[in-house]
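Undergrad: predicted model follows, preceded by the sequence.
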Amino acid sequence: MSAVSSPSKKSKDFPGHSGDSTNKPVSSEKIEGQALPSNLDAEQGILAACIVDASGEVISNCIERALRPEDFYFTKHQLIYDALLDLYNETIEPDEIVLAEKLKSNGNLEQAGGQDGLTRLAGRIDTTAHSSFWLDIVKQKSLLRKCIYMAFEMIDGANQQPSNVEDFLANFEQRVCSLGDEQNLRASIPFREPIQHAMEQIQRMLSREETDGVLTGYTDLDGLTNGFKPGEMIVLAARPSVGKTSLAMNIVENIAFSPKYAESPRHALVFSLEMSATSLAMRLICGRARVNMNDLRKGFVPRGQAEKLHQTSKDFQQAPLWVDDTSGLSINQIRAKARRLKMRNKLDFVVVDYLQLISTDSRVLSRENQISEISRGLKAMAKELDVPVLVLSQLNRDSEKERRDPRLSDLRESGAIEQDADVVMLLGKQRKGEDVREMDYDGETEAPEEDFEPIVLILAKQRNGPTGKINLAFRRKFTRFESMQQDHRLN
């Protein structure tokens, strides 16, 4: 099997081409006796249509569909299309004479077939009516060639025995998906279409048939956000041991068991880079069953509570929840794992715990730049999968030193997190003198002192909504957050 050269940035060095001006591919362009995918007639047809179309509609359609010089198989066609793009940018209407002059000034006229070759090319068609079909063929053949190049690149890379196979696979998986994205470029549409879709959604909201986001189960938070929206990156940040993991897992639990989603359950995936999956499961079971984890560790659990633990564990086993507790995952690995899960099942919500523990492939970058790269990757994942992604993050020590509530500037190591996030929530302890509403626990006016810790959830940023503060209660013995005004959906 002969090797295929890797793609070059310059169109004249496009892989599989020797740089000659003939239309016949050379032998090195064949793999085991088979020529790479191409269609000479379609390439000539679309170029001829660009030359003879006085309106400029054909070349505009090519640009809108992201047709590039390297999408042509034959070197001369790459040079001709590159010259046509130059003329378009210079707002010069092309014909074979103007095109020949442009190629001559670039030093590519003879390599592109000469003046006579351009004249024959322009006379190749009688009408531009089929230009869109020729364009489709050229794009499809280009995509097939890219798949072949990538396959050979993958073989070469595998033969070099990379040290991190997961990263190696994730990189190629992402590139394969990006090839598919190239085929899904949408053309401009009349604004009446999204207006119609928006009105249909508004109508469902008015009739309370649906909200436009995934509800967290915390009434005050849902009132401000109307749920977490698909494609959003939501950051939940706090100092260590304030409870960001507990709150995130409480939200996952509320989503999984919400009566609102009984007919259409919401599927959630949790990436736990810090805690083991078993520790998370223990926390979820005890929290939902209202069993003190310390008592459980000592074996002091009444029979009734033991039965409740057993039933709660069965409920969780049937819940549409997934967890990945692999430590040291890179952002590419996280995206690949989430993408695979959505392809095999359904996925509505993703939690990443936490951002600063994600590794990066760029060892030479500063830590701030690495965090920026990870943050952009998480936002891209949210848009790619069209699901809300809740990302946990650390805060720096400034709020503790200055004895104040946390704020956006306290986000640790990078301002890119604040920039990329659609929603930023900050957890902080209630400060003395602040208004804390009473909470009713089973008829008691207040929870016992050792069981109750007031926590403030600050909605510091919301790209498409208001900001504000939400009072929560953290019940230590259950490692569980509840609303200050008891939310019966959490019982």
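TA: In hand now; what should we look at? Numbering: from 1, shown residues only.
Undergrad: residue farthest from the centroid of the chain?
TA: Asp116 (49.8 Å; C-alpha atoms, centre = their mean).
Undergrad: and that residue, backbone torsions?
TA: phi -70, psi -40 (degrees, to the nearest 10).
Undergrad: next up, the contacts around it.
TA: Residues counted as contacts of Asp116 (C-beta atoms under 8 Å, 6 or more residues apart in numbering): none. Heads up, the C-betas are built off the backbone N, CA and C, glycines and all.
Undergrad: now it: how far from Ala122?
TA: From Asp116 across to Ala122, the span is 11 Å (C-beta to C-beta, to the nearest Å).
Undergrad: mind checking the longest strand of this protein?
TA: Criterion DSSP state E: the longest strand present in the chain is strand 452-462.
Undergrad: report the contact partners of the residue nearest the centre of the chain.
TA: Centroid check for the chain by C-alpha atoms, centre = their mean gives Met381 as the closest residue, at 1.4 Å. Contacts for Met381 were tallied using C-beta under 8 Å, 6+ apart; they are 331, 334-335, 338, 350, 389.
Undergrad: as PDB, could you dump the C-alpha coordinates of whichever strand or helix holds it?
TA: Of the helices and strands defined by DSSP states H and E, Met381 is found in helix 367-385. Output in PDB follows, covering the C-alpha atoms of helix 367-385 (Å, rounded to 0.1, in the frame of the first residue of the first chain):
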ATOM      1  CA  ARG A 367      -1.800  27.700  33.300                       C
ATOM      2  CA  GLU A 368      -4.100  30.700  32.500                       C
ATOM      3  CA  ASN A 369      -4.000  29.900  28.800                       C
ATOM      4  CA  GLN A 370      -4.600  26.200  29.600                       C
ATOM      5  CA  ILE A 371      -7.700  27.100  31.600                       C
ATOM      6  CA  SER A 372      -8.900  29.400  28.800                       C
ATOM      7  CA  GLU A 373      -8.500  26.500  26.300                       C
ATOM      8  CA  ILE A 374     -10.500  24.200  28.600                       C
ATOM      9  CA  SER A 375     -13.200  26.800  29.100                       C
ATOM     10  CA  ARG A 376     -13.600  27.300  25.400                       C
ATOM     11  CA  GLY A 377     -13.700  23.500  24.900                       C
ATOM     12  CA  LEU A 378     -16.500  23.100  27.500                       C
ATOM     13  CA  LYS A 379     -18.600  25.900  25.800                       C
ATOM     14  CA  ALA A 380     -18.000  24.300  22.400                       C
ATOM     15  CA  MET A 381     -19.200  21.000  23.900                       C
ATOM     16  CA  ALA A 382     -22.400  22.600  25.200                       C
ATOM     17  CA  LYS A 383     -23.200  24.000  21.700                       C
ATOM     18  CA  GLU A 384     -22.100  20.800  19.900                       C
ATOM     19  CA  LEU A 385     -24.300  18.500  22.000                       C
END
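Undergrad: the next helix-or-strand element following that helix pairs with which strands, and in what direction?
TA: Using DSSP H and E, the helix or strand that follows helix 367-385 in sequence is strand 389-394. The pairing partners recorded for strand 389-394 under DSSP bridges are strand 233-238 (parallel), strand 349-353 (parallel).
Undergrad: deepest-packed of the ones you listed, please.
TA: Mean neighbour count, computed with mean count of other C-beta atoms under 10 Å, is highest for strand 233-238 among those, reaching a mean of 26.
Undergrad: and the helix holding Met381, what's buried?
TA: Using 16 or more other C-beta atoms under 10 Å as the burial criterion, the residues of helix 367-385 that qualify are 370-382, 384-385.
Undergrad: now do stretch 170-177
TA: In stretch 170-177, counting by 16+ other C-beta under 10 Å, buried: 170-174.
Undergrad: next, count neighbours for Leu247.
TA: 25 (other C-beta atoms under 10 Å).
Undergrad: that one: which element?
TA: Using DSSP H and E, Leu247 sits in helix 244-257.
Undergrad: now that helix: average pLDDT?
TA: Per-residue pLDDT over helix 244-257 has a mean of 88.
Undergrad: I'd like the distance from it to the chain centre, please.
TA: Counting by C-alpha atoms, centre = their mean, to the nearest Å, helix 244-257 is centred 21 Å from the centre of its parent chain.
Undergrad: mind saving the C-alpha coords of stretch 341-361 as PDB?
TA: C-alpha atoms of stretch 341-361 as PDB (Å, rounded to 0.1, in the frame of the first residue of the first chain):
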ATOM      1  CA  LEU A 341     -23.100   8.700  25.000                       C
ATOM      2  CA  LYS A 342     -25.400  11.000  23.200                       C
ATOM      3  CA  MET A 343     -25.000   8.900  20.000                       C
ATOM      4  CA  ARG A 344     -25.800   5.700  21.800                       C
ATOM      5  CA  ASN A 345     -28.500   7.000  24.200                       C
ATOM      6  CA  LYS A 346     -30.100  10.300  25.100                       C
ATOM      7  CA  LEU A 347     -28.400  13.200  26.800                       C
ATOM      8  CA  ASP A 348     -30.000  16.300  28.300                       C
ATOM      9  CA  PHE A 349     -27.600  17.500  31.000                       C
ATOM     10  CA  VAL A 350     -23.800  17.300  31.700                       C
ATOM     11  CA  VAL A 351     -21.900  18.000  34.900                       C
ATOM     12  CA  VAL A 352     -18.200  18.400  35.000                       C
ATOM     13  CA  ASP A 353     -16.600  18.400  38.500                       C
ATOM     14  CA  TYR A 354     -14.400  20.300  38.300                       C
ATOM     15  CA  LEU A 355     -12.700  22.600  35.700                       C
ATOM     16  CA  GLN A 356      -9.300  23.000  37.300                       C
ATOM     17  CA  LEU A 357      -8.800  19.200  37.300                       C
ATOM     18  CA  ILE A 358      -9.200  18.800  33.600                       C
ATOM     19  CA  SER A 359      -5.900  18.200  31.800                       C
ATOM     20  CA  THR A 360      -4.900  19.800  28.600                       C
ATOM     21  CA  ASP A 361      -2.900  18.600  25.600                       C
END
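Undergrad: in stretch 67-78, what's buried?
TA: For stretch 67-78, by 16+ other C-beta under 10 Å, it's 67-78.
Undergrad: so Asp71 sits right up against Ser142, yeah?
TA: Yes. Between Asp71 and Ser142 there is a contact under C-beta atoms under 8 Å: 3.9 Å.
Undergrad: distance of Met154 from Ser38?
TA: Separation of Met154 from Ser38 (C-beta to C-beta) stands at 22 Å.
Undergrad: ah, wrong one, I meant Met425
TA: Met425 sits 53 Å away from Ser38, going by C-beta to C-beta.
Undergrad: more neighbours, the two?
TA: Set Met425 next to Ser38 and count neighbours by other C-beta under 10 Å: Met425 wins out with 24 against 21.
Undergrad: give me the nearest residue to the more buried one, chain neighbours excluded.
TA: Spatially, and ignoring its direct neighbours in sequence, Met425 is nearest to Leu236 (4.9 Å; C-beta to C-beta, 6 or more residues apart in numbering).
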